[in-house]
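[1] 3D, please:
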Amino acid sequence: MAQAPLLQLSDISLTFGGDPVFSDLSLAVQPGDRVALVGRNGSGKSTLMKVMAGLVEADSGSVTVPTGTRVGYMEQEPDLSGYATLGEFAMSELAPGQEYLVEQASEGLKFDPSKSPETASGGERRRAALAKLMAEGPELMLLDEPTNHLDIEAIGWLENELKTTRTAYVLISHDRRFLTELTRATLWIDRGAVRRQEKGFAAFEEWRDKTWEDEDQQRHKLDRKIKEEARWAVEGISARRKRNQGRLRALQDMKSERASQQSRQGKAAMALESGPKSGKRVIEAKDLSHGFGDKTIVRDFSIRVQRGERVAFVGPNGVGKTTLIRILMGELEPDAGTVTLGTDLVPAIFDQSRARLDENQSLWENLVGDKDMRVSGKADQVLVRGQPKHVVGYLKEFLFDERQARAPVRSLSGGEKARLLLAKIMARESNLLVLDEPTNDLDVETLDLLQDLLGEYDGTVLLVSHDRDFIDRVASTTIAMEGNGRVTAYAGGWTDYQTQKREAEGGPMPAKGGKAKPKAQGGKESKDSGKTASDGDGSLSFTEKHRLEELPKVMERLEKEIAKLEELLADPELFTREPMKFQKATDALTERHTALQDAEEEWLSLAERAEA
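    You can find the predicted model right below:
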């Protein structure tokens, strides 16, 4: 017997400001669904999710949720007023004894439950909202950009949690690897229509391109038919006026159909142009060490960056990736060591905080007011790679319309701000690009275009990103910052880094991932590699020693979680009162017993090697 949908939308229509967002939209979310919700920036993804959550009321149609089914929505800007701490907010809807669920999530998502909402950043507040939703465990989760403000480690934790949950979810994300790993169906919003395919995001681009190809063929056939019928109407209508009124009406119908077809939004016309060729050696750093107070950012790190390299910097939030780039760019003096910059460098910088945009000025003012883009005596033109262009014309190349040109930057979405900043740095020639988290909020099509541009760029790129797929596609070298000053250089992208790290540690190879590339500089481990490999004589590597020190804490945490779960399951009424909670706790207990056994075996193995 088929199960009832967890959520049903029937004939939904919604209009904002006179423009229809959706018309006669119907869809259902079934138990166990893992759905990617995709579409261009501004297509209505978040609006549709708010309709599903009951936060936005449609003009017509109905939203049906069966009695007893809980639908949870991750708030982008949660209201924490009245709560003393982030943890108190996240635990507010939980039954007594379930607080450990928030504690587990706070470790994985990296926020402090004891922190006051008044001093917490927007990212910390969002992580608390995500922890709250996951701890409550509704039958359907609606997740709008859950990976925003998460570093790669936290994204990995969330990915593993969502892989093992039995809860259905609909997921909006610009992280292609995240969507590929997690989804089994795709909802695609395109010009107000929503299509569904029973395949995950991995099959989306092929499906999208085939849909557009079929659409173009149909439009071409219709145009040709209209042209033929219009010629007939002009040449033969006087002789057959009476008999062919039906054919004339059909012609008008075809013209009406063609006029009603919405054209697709084009790609941003982004372009990168290298300035004068820099010297072969772009950056050479030797024996760098730096820290703030008792926090060490980098210790004894050396690297040489050659012209044309794409160097990605990865690591947890707050580990010091931006600080290290500032040192390498000569903007910050290291505590020890030297940095030598190459000759003829012309840098362009995309900063994470969007600090190079004035939020209170309009898009127009941000471009014209940039000294590098200013055309003397022209208030409506900007200099784009040496050529004057009208401000609005240049903005249209980055998918902004004329109305937005005079709007303040603060009115833009995150993706639009990213596009505007790209418009500024791409207007000038450069041979060294510094891109600090450029992928945040960009849609799939713009990410693809940016990736292609970086592949064709003649200059050098320094990149900070938490997007594993983007790093794999772009980076030729990955600098891993693991905390406590440990900085290691690996050849290749994210997957190559993971493979080489496991090889150095003697651990199992990843089930998925690219083939490891050879190490840089002839395959030798240089000083800048951080000395992660063991000496081959059975002694522990630096990473293994650190792991040996950390494992007792891991085992202690798992033992505490097992005790809490056993205490919860000791309630004899739990199974009959809350069978779903009983099953979740049972599954979690089994998982943690397995994890504890694995950790104990790993500790014994490392301890024996250390004694030997």
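
[2] contacts, neighbours, all on C-alpha from now
    Fine.

[3] what's the nearest residue to Arg307 if we skip its chain neighbours?
    With C-alpha to C-alpha, 6 or more residues apart in numbering as the criterion, Arg307 has its nearest non-adjacent residue at 5.0 Å, and that residue is Lys280.

[4] same question but for Gly414, I mixed them up
    Nearest residue to Gly414, sequence neighbours excluded (C-alpha to C-alpha, 6+ apart): Asp441, at 5.6 Å.

[5] next one: Ser289
    Nearest to Ser289 is Arg299, by C-alpha to C-alpha, 6+ apart, at 4.3 Å.

[6] Is Met329 in contact with Gly342, as I believe?
    No - the pair Met329 and Gly342 fails to qualify as a contact (C-alpha atoms under 8 Å) at a distance of 10.4 Å.

[7] Name the residues contacting each of those two.
    Jointly contacting Met329 and Gly342 under the rule C-alpha atoms under 8 Å, 6 or more residues apart in numbering are Ile283.

[8] hang on, the earlier thing: so is the residue nearest to Ser289 in a helix, a strand, or just coil?
    strand (DSSP: H, G, I helix; E, B strand; the rest coil).

[9] Name the spans of the stretch 151-300 of the chain whose pLDDT lies under the cut-off.
    220, 222-223, 226, 228-270, 273-274 (pLDDT under 70).

[10] And the helices in it, which stretches?
    152-164, 176-182, 204-236, 245-260 (DSSP state H, counting those that start in this stretch).

[11] Who are the contact partners of Thr594?
    Listed by C-alpha under 8 Å, 6+ apart, Thr594 has no contact partners.

[12] What distance do you get for it to Glu601?
    Using C-alpha to C-alpha, to the nearest Å, we find Thr594 at a distance of 11 Å from Glu601.

[13] Let me know the average pLDDT across stretch 592-606.
    Averaged over stretch 592-606, pLDDT sits at 83.

[14] no no, stretch 11-25
    Stretch 11-25 shows a mean pLDDT of 80.

[15] From one end of that stretch to the other, what's the distance?
    End-to-end distance of stretch 11-25 (C-alpha to C-alpha): 5 Å.

[16] Next, the buried residues of that stretch.
    Going by neighbour count (16 or more other C-alpha atoms under 10 Å), the buried part of stretch 11-25 is 12-14, 21-23, 25.

[17] Can you get me the centre-to-centre distance for that stretch and its chain?
    Stretch 11-25 sits 28 Å away from the centroid of its parent chain (C-alpha atoms, centre = their mean, to the nearest Å).

[18] contacts for that stretch?
    With contact meaning C-alpha under 8 Å, 6+ apart, stretch 11-25 is reached by 9-10, 26, 43-44, 58-62, 192-194.

[19] how far away is the closest residue to Arg166 other than its chain neighbours from Gln218?
    Counting by C-alpha to C-alpha, 6+ apart, Gly32 is the residue found nearest to Arg166 once chain neighbours are left out, at 6.5 Å. According to C-alpha to C-alpha, Gly32 stands 36 Å off from Gln218.

[20] For these two, indicate the residue with more neighbours.
    Taking neighbours as other C-alpha atoms under 10 Å, Gly32 and Gln218 compare with Gly32 leading, 15 against 12.
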